[in-house]
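>>> Okay, here's the prediction I keep looking at, along with the sequence it came from:
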Amino acid sequence: MDAQDKHEAIIADIYRPGKDQYLRKLNYLIHEKNDLRGALNILENDMKEQLVKPEQPHFRILIHACAQVGHAKKAFQLHKLFKERDLPRHVGIYADLFHACTNCHDKVLALKEATLLRRKLAEDHFIPNKILYHTMIQAFGRCGDLETAFELIDEMRQNHVPVTSDTF
C-alpha cells in the first residue's frame, strides 16, 4: 500500500458512518417515523455493507420495537444474532423478549419461545428482577399457561422478590 492508498483509506474511515450514527438513525426511524422495517434494514444491510458491528444498544432498540408490535419471531431472531456476537446480556432485552411473547398474535409460538427462554435463564442461574418477573408472568398468562405464571409467583417468593399488587 503506497502513501496515496493509506490516505484514501483514512479518509474513507472518517466519512464512514459509525456505531453512534447508526444508533441515532435507528432511534429516529423507530421512535419518530415508526418505520421498523427500515430500522431492521439498517441492521441487516447498511451496517453490514459499511462493516459496522452492531452492539448491545442497537439490538436492544430493535428487539424492543419488535416487542411493541408483537413480532416475537423477529425479536428472537435478533436475540440469536445478539448471542452469536457474544455481547453482554441485559435484563431489558429479556424483558422485551417476554413482552414480544405477550403481544404476539401466534400464542403457540409465543408460549414455545417464552418457555425456552425461561428454561435458558434457569440453566444460566440468572435470577430475574421484579420487572422481568412481571413480564414473564404477563407473557405466560396471556399465552394461556397459568400454571407457569403461578410457578413464577412462587419463584419470586423463593428469591425474595416482593410480590405486590403490580405482580397481578
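That came in fine, so what should we check first? Numbering: from 1, shown residues only.
>>> Tell me where the protein is predicted with low confidence.
Residues of the chain meeting the criterion pLDDT under 70: 1-16, 168.
>>> outside of the helix ranked longest in it, which residues touch it?
Identified as the longest helix of the chain according to DSSP state H is helix 107-123. Residues external to helix 107-123 that are found in contact with it (C-beta atoms under 8 Å, 6 or more residues apart in numbering): 72-73, 76, 94, 97-98, 100-102, 104, 128, 136, 139-140, 142-145, 148. (C-beta placed from N, C-alpha, C; glycine too.)
>>> Now do the buried residues in the helix or strand just after that helix.
Next along the chain after helix 107-123, taking DSSP states H and E as the criterion, comes helix 130-142. Taking 16 or more other C-beta atoms under 10 Å as the basis for neighbour counts, the residues of helix 130-142 that come out buried are 132-142.
>>> Kindly report the same for stretch 39-51.
Along stretch 39-51, these residues count as buried under the neighbour rule (16+ other C-beta under 10 Å): 39-40, 42-43, 47.
>>> what do you get for stretch 98-106?
98-104.
>>> Let me see the contact set for the residue nearest to the spatial centre of the chain.
For the chain, the residue sitting closest to the mean C-alpha position, by C-alpha atoms, centre = their mean, is Ile63 at 3.4 Å. Under the criterion of C-beta under 8 Å, 6+ apart, the contact list for Ile63 reads 75, 78-79, 82, 93, 96-97, 100.
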